[in-house]
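**Student:** Give me coordinates for this.
(one chain, ligands or ions: 2)
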Amino acid sequence: MASVTNKIVMITGASAGIGQACAEIFARAGAKLILCARREDALAQLAYELKDKHDCHTYPLILDVRDKEMVAEKIAGLPDDWRDIDILINNAGLSRGLNKLHEGDIQDWEEMIDTNVKGLLYISRAIIPGMVERKSGDVVNISSIAGHEVYPGGNVYCATKHAVDALTKGMQIDLVESPVRVMSVDPGLVETEFSVVRFRGDEKRAGKVYQGLTALSGADVAEAVLFCVTRPPHVNINQLRIMPTDQASATVTNRK
Ligand code: NDP
Ligand code: 8X3
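**Tutor:** Ligands and ions are numbered 1, 2, ... in the order given. Alright, predicted model coming up:
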């Protein structure tokens, strides 16, 4: 197993859920972390806890992945000792609503497409050239079962994750002559802030998404990410699909 000790790992969407769990597991494994999200307070709290528990060095990058100028400026402005990013975890993402397409809110569509697709592109465009130049680096895109299946009301969210799947494959093709690896970790239901965000703070409705089954935790997904990036350099886990045992597909679950 390759080591991530002292590697620089940049995690987008580190302020909650899967990204926060990735921060925890990589900190425990001895990595240095660039923590990226919009919520400054949440990142400051996380940085404090990771220092306290794991003596982890962190660099907070407060940004909105949808803002291409901000992404380019903040990444170009990283201090010298944080510039050579070894591992990028493209995790920031969200869903909004569960409406039928013909009843959908156009603003919700824009937000999902801008974050999940364009945001991932802006971040990747800013970071991968350095990896190619240094002939070293791993990119992990967090996609979803929604990148392989479509479920009722999932229309645009599923389209964004299908796009992430296509972008992962495109990156793998475009980087085949480089040692830089691109991987995709594609979970089913993970109990995070995801559904609360989808339903705009309606905790009751969000809770029902996970009711009667044991969903994945952020930590389950983070372990899969760590597994992917610690394979030997000649091994690339192209795509790792991870589901709760209680979930067989996007629409088939075992609820008690
Ligand atoms: P959470 O809502 O718990 O976390 C989402 C993270 O993304 C937060 O840290 C949030 O930070 C960040 N984020 C959202 N928008 C932006 C933005 N514009 N700029 C920067 N950061 C942003 O959800 P999850 O942890 O569940 O989701 C993480 C990823 O996993 C997403 O890509 C999601 O699609 C995917 N996924 C989730 C599944 C699930 O069931 N939960 C299953 C499969 C995939 P902040 O608000 O501070 O900016
Ligand atoms: C999030 C999982 O099933 O809600 O990508 O789309 S799901």
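
**Student:** where do the helices sit along the stretch 151-256 of the chain?
**Tutor:** Listed in chain order, the helices of the stretch 151-256 of the chain (DSSP state H, counting those that start in this stretch) span 155-174, 194-198, 203-209, 218-229.

**Student:** give me the number of residues near Phe131?
**Tutor:** Let me fix one detail, which is that residue 131 is Met and not Phe. Here the number of neighbours of Met131 (other C-beta atoms under 10 Å) works out to 24. In this view, the C-beta of every residue, glycine as well, is placed from N, C-alpha and C.

**Student:** Same question for Cys22.
**Tutor:** Look at Cys22: counted by other C-beta under 10 Å, it has 32 neighbours.

**Student:** Now do the helix or strand containing it: everything it contacts.
**Tutor:** When secondary structure is defined using DSSP states H and E, the element that contains Cys22 is helix 17-28. Taking C-beta atoms under 8 Å, 6 or more residues apart in numbering as the criterion, the residues outside helix 17-28 that touch it are 4, 9, 11-14, 33, 35, 37, 46, 50, 53-54, 56, 58, 87, 89, 91-92, 142, 187, 190, 192-194, 217-219, 221-223, 225-226.

**Student:** now the angle from it to helix 218-229?
**Tutor:** 60 degrees (axes from the mean of the first three to the mean of the last three C-alpha atoms, to 10 degrees).

**Student:** Just the buried residues of helix 17-28, please?
**Tutor:** Burial within helix 17-28, assessed by neighbour count using 16 or more other C-beta atoms under 10 Å, is assigned to Gly17, Ile18, Gly19, Gln20, Ala21, Cys22, Ala23, Glu24, Ile25, Phe26, Ala27.

**Student:** And the last one, how close does it get to Cys56?
**Tutor:** It stands for Ala27. 4 Å (C-beta to C-beta, to the nearest Å).

**Student:** cool, and the fourth one?
**Tutor:** Counting by C-beta to C-beta, the gap between Gln20 and Cys56 amounts to 13 Å.

**Student:** got it, and the fifth one?
**Tutor:** The spacing between Ala21 and Cys56, counted by C-beta to C-beta, is 14 Å.

**Student:** Quick check: the residue most central in space within the chain vs ligand 2, distance?
**Tutor:** Among the residues of the chain, Asn91 comes closest to the average C-alpha position under C-alpha atoms, centre = their mean, at 1.3 Å. Asn91 sits 12 Å away from ligand 2, going by C-beta to the nearest ligand atom, to the nearest Å.

**Student:** I'm done for today, thanks for sticking with me.
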